[in-house]
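Trainee: sequence isn't available, so here's the structure alone:
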């Protein structure tokens, strides 16, 4: 049996990555891909890498397509909260890859996104879609907020240690992201001569993933996390590493820290606690790696993933599998590039 | 039914890429991976991206493993010609990814590889493993010489036009390769400060893929190709583009050229004739793209692929599928990364 | 004694590179820098690397500044031909870094730039500013057309061999340029996720440097050059290598070729004939390198330079020095970065 | 009057960068460059970018050269402490660019460098060569320990705030360095396929610049700094950004922080406190930039420089100028590349 899935926003990087994953998913029919700018065109004529993998065309609006089981929204923020209520009324499950449903508190949304939330009811019902931490909630959900790329890498690294009680609530998150995380719209910062031989801090203290990290860690770990998040653009196309700095309440050993993460992730298919996390090991795949080093009363924990897969579209497919009752790794069970 | 496949030389880039592909191939059991330096170790402890995908260990020698149906040799040149004869005697089919069996003429081998060939009989029987041009021969073969990465990109671009008779035999091949094509051994040229912000011509007029290009094009197209091959190292990890320059015998139009390539590749699963070939469209996949531009009595034809997949290990799997009577795209039927 | 120099178009890469060079030139006062978007702002507040090196502000128009000896135009094409006539009438020498005065033939300009030339008289008087080939003309000129970046690299490589009579007139020029050559305006092709891990051919057969190469080589070498120019974008910020492919009329040796270039460039300060030309050796400097390899009736000649220095602003300063009677290397006599 | 300067270790990156700077220094004669591997060869034949800028040859040993005023040691650690005592006995001033004289405490040296220090007397007399913080001591010194590249970037960022008393002593230093910082010897980590599309943490908690940062900050600021230093390799050739994370003792404003740095660096030629520090603004130059952001009881301070110039050879020249009584900016007064 095959589920019919539609994507709102099929032109951008997360939308095209969703198509790339869904077009070879064993139980999914990619039924619709919307794009205002490309409506009417063959998807494979716009995304050349899909040549031979799909023959559908972009449509103007998701409402043109009948009998959808699930819709993913891969647009900039502000669109999902307008589209999702009607879809849910039609009984269609929704996964939002934009930030519209991540911050549970509508006033936080207004503060960080600069806009009133138009679907506060949906907001309160949405489940935060990080399967390794919130799997049970996702299974029963009909609206999932897919986490941000930086946020996923940081939350996977931070949450277990915060829950362990070994560390204070202050955490410094030094994020380093490949450029595809910033989307497909050209801009001065993403212009190759600007960023191709540089490392550029940006949105220091104002990036929207900061409250998302705090909220998700607190939901999982209890207590009150105070995260200072500083993102940096690095000249790679895919990949994120978040280096998270903690202070122990009382000195803890490497073994103490190892025990925390091994317990948390030992049985996971896509998150691995390893001695030396590596972007190249996970790039192109839904796998993430976490690694740590305890030293003299402090610790650093690294969270590593491909921002377009485990940091966006791959995780959305993982959430979809859970929501539809499919095996969690369906369509995602392949290793990273390695080289 | 599952075939048992072994790999000689499992540490290097082509060996690890073979494991990456074979570990999720539906009809193959990855039965052996040899490595002198890593013998006894878990493969996944050396190749972190294979964590969860294989539990085999490196062995010292391929002879330790019983009941192999096919062996791939992914070592530097000079090893395969010593190993292959014994394997074939045991009835094991072989694919050589090194250069040992590519040049049909043993004296050419001695000239370009600086070594006497120790298996001239195998050399004369080996089939050149470029499926889109020599599919029938590969199907019946028990020894296949897997083409070089540059050579594959150039031959796919050159052969059809040379066969068409539209162009003179002189062709200039300006190859540009990502650094993974040079293998995993550190060297001054591959040192990041040297190559990370440069484009470096090397082995000008002395690269071993030059006679390979000429030989393969001639086998396919007849006549006498005179290729001038100049490889350049570019600061990307994966990907090759070979820009091939021709002179028309008499002026030909873009339509004439298009007709040649559409006829040749129109029905292929992995080689696509497209208006704007793109490395990003094929990276991470077994797909290759060819594009052309005719202009004022001259033409340039581009051949684009991922040097580790269609340029090495992916093409080896494609050859293996043909040799074993499996569907040609088995284990390879996924799109490139796109971004 | 100090000459007062103004720059029209001080925001873009060639304009800012001109300021970088002129602010420490021993005989020049940087008197004006125009910018429509930044008029009124401190130059150093826009170009942070000039902090401490200049205290002038951007002005709206060059006519606001008195007593200029020389003006450089560093705008997109189409501006210079409107500005230059009035400047020359005021007795101000001009160097145009855009393409407006390069193609001697107004109809060629119209064909390649898509616009009627509005200063055909200036066009016929302008001297092509490649000092190593046209030094005497530049000395006496009051209007110099500064060559394109690709064109400089290719002409330096091609002209001597073409003049030698050893080769046929057909030459294939495979150009590879860093991204700063495309200017500071963000665009999809220059977007890091697009070009950061790729090599992208563009404007194949339609790039404006193609007729420029042919014209300049012919002016220097006589005869009729037929250049096929294919530019490729490579993921480096600064640097060009043009690989130029020739066929010998009758077989020539490496020594024959060496003799041609050693004679041409042996006494030059900024152009060096070397065994292995290297982008890193010249990056950040006005030096260029040329290298060659003869092989079996064919030859490849490489031309290597920093596209913003010898390929644009450095060469403009070199031309300025000649026009003003200053030592040719003034303000330019420093080595490349090396690493 | 011209001083005669020699360099021990002229093959590596810091040695060749020293030659690049000294060959156009107005008051210096580059009198000797030693190299075991290149002894007897023309320097310009090994470092192609110096063609035309020097005609000296590499020598085997510094003792072959007479009448030296100052010697710089640019070898790996362990060599300087054997060479420096004899040089100082001959009355030659010394600057050590390796780590031999940085840690004032011989037992710390033994701990971090794994070797007994053989010149403890020199160690106690050596001055830490960071001019913006220790200028007076450097002026009178005859032995200067040139700081490490990461250390310089971090100390410039940390020391003023630590001295201000606004922050606690715990500081997390997240360093990100270009690959030239690791030297010219090829290694698996510096191999382009490994690092070219990745960000790699290394020597976590064990890097030798950690005690150097703590020592230098404490010398300048008093008190007891507890730095946690985590270096990351990023795929750029030149450039470092160290992101330093602090917690305020009581909440401080951006203005409070600005006042600290403006007072410290307002009059400096080479260190600039700016709103948005940028690697591209300083690359190729001796300039460094510091920037900060205060947010909710925490602060991040960035230190940015070119690891081979202000992080090594440029700073050594700056120290040399001070030691010889020359203008501090001699031979160094040029802006960064910008693009």
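Mentor: Done, it's in. All figures in this text were calculated on a predicted structure; none of them were measured in a lab.

Trainee: element containing the residue in the stretch 151-300 of chain A that chain B sits nearest to?
Mentor: Per C-beta to the nearest C-beta, the residue of the stretch 151-300 of chain A with the smallest distance to chain B is residue A:281, at 4.2 Å. In this view, the C-beta of every residue, glycine as well, is placed from N, C-alpha and C. Per DSSP states H and E, residue A:281 falls inside helix A:279-282.

Trainee: can you give the contact residues for that helix?
Mentor: A:236, A:239-241, A:287-289, A:304-306, A:309-310, A:336-339, B:48-49, B:51, D:194, D:197-200 (C-beta atoms under 8 Å, 6 or more residues apart in numbering or on different chains).

Trainee: out of the residues you listed, who's near chain C?
Mentor: A:236, D:197 (C-beta under 8 Å from any C-beta of the partner chain).

Trainee: give me the neighbour count for the residue of the stretch 151-300 of chain A closest to chain B.
Mentor: Residue A:281: 25 surrounding residues under other C-beta atoms under 10 Å in any protein chain shown.

Trainee: cool, and residue A:132?
Mentor: Neighbours around residue A:132, by other C-beta under 10 Å: 22.

Trainee: other residues contacting the strand or helix carrying it?
Mentor: Using DSSP H and E, residue A:132 sits within helix A:131-140. Contact partners of helix A:131-140, identified using C-beta under 8 Å, 6+ apart, comprise A:127-129, A:144, A:155-156, A:159, A:216, A:219-220, A:264-265, A:268, A:270-271, A:315, A:318-319, A:322-323, A:325, A:328.

Trainee: wait, residue A:195 touches residue C:191, no?
Mentor: No: look at residue A:195 against residue C:191 with C-beta atoms under 8 Å: they stay out of range, at 9.9 Å.

Trainee: for residue A:191, give me its contacts.
Mentor: Going by C-beta under 8 Å, 6+ apart, residue A:191 touches C:179, C:184, C:186, C:190-192.

Trainee: one more time with 10 Å
Mentor: Residues near residue A:191 by C-beta atoms under 10 Å, 6 or more residues apart in numbering or on different chains: C:179-180, C:182-187, C:190-192, C:195.

Trainee: tell me where the stretch 101-250 of chain A has strands.
Mentor: For the stretch 101-250 of chain A, the strands defined by DSSP state E, counting those that start in this stretch cover A:127-128, A:143-145, A:170-177, A:200-201, A:226-233, A:240-247.

Trainee: is the closest residue to residue A:166 other than its chain neighbours in a helix, a strand, or coil?
Mentor: Of all residues not flanking residue A:166 in the chain, residue A:252 sits nearest, at 4.8 Å (C-beta to C-beta, 6 or more residues apart in numbering or on different chains). Of the three states, residue A:252 takes coil under DSSP: H, G, I helix; E, B strand; the rest coil.

Trainee: now the one 10 residues further on
Mentor: Using three-state DSSP, the three-state assignment for residue A:262 comes out as helix.

Trainee: wait, it sits on residue A:271?
Mentor: No: look at residue A:262 against residue A:271 with C-beta atoms under 10 Å: they stay out of range, at 11.5 Å.

Trainee: the two: which has the busier surroundings?
Mentor: Counted by other C-beta under 10 Å, residue A:262 and residue A:271 do not tie: residue A:271 has more neighbours, with 24 against 12.

Trainee: near chain C, which residues of chain A?
Mentor: Contacts of chain A with chain C, taken as C-beta under 10 Å from any C-beta of the partner chain, map to A:13, A:178-198, A:233, A:235-238, A:308.

Trainee: quick check, pLDDT for residue A:1.
Mentor: If you check residue A:1, the pLDDT there is 65.

Trainee: wait, residue A:296
Mentor: Predicted confidence (pLDDT) for residue A:296: 86.

Trainee: so it touches residue D:226, yeah?
Mentor: Yes: at 7.8 Å, residue A:296 counts as touching residue D:226 under the criterion of C-beta under 10 Å.

Trainee: more neighbours, these two?
Mentor: Taking other C-beta under 10 Å, residue A:296 and residue D:226 do not tie; residue D:226 has more neighbours (14 against 10).

Trainee: hmm, the more buried one is touching residue D:167, no?
Mentor: No: counting by C-beta under 10 Å, residue D:226 does not reach residue D:167; the two are 11.5 Å apart.

Trainee: and residue A:162, how far is that from residue D:204?
Mentor: 20 Å (C-beta to C-beta, to the nearest Å).

Trainee: between those two, which has more neighbouring residues?
Mentor: Ranked by neighbour count (other C-beta under 10 Å), residue A:162 and residue D:204 place residue A:162 first, with 26 against 19.
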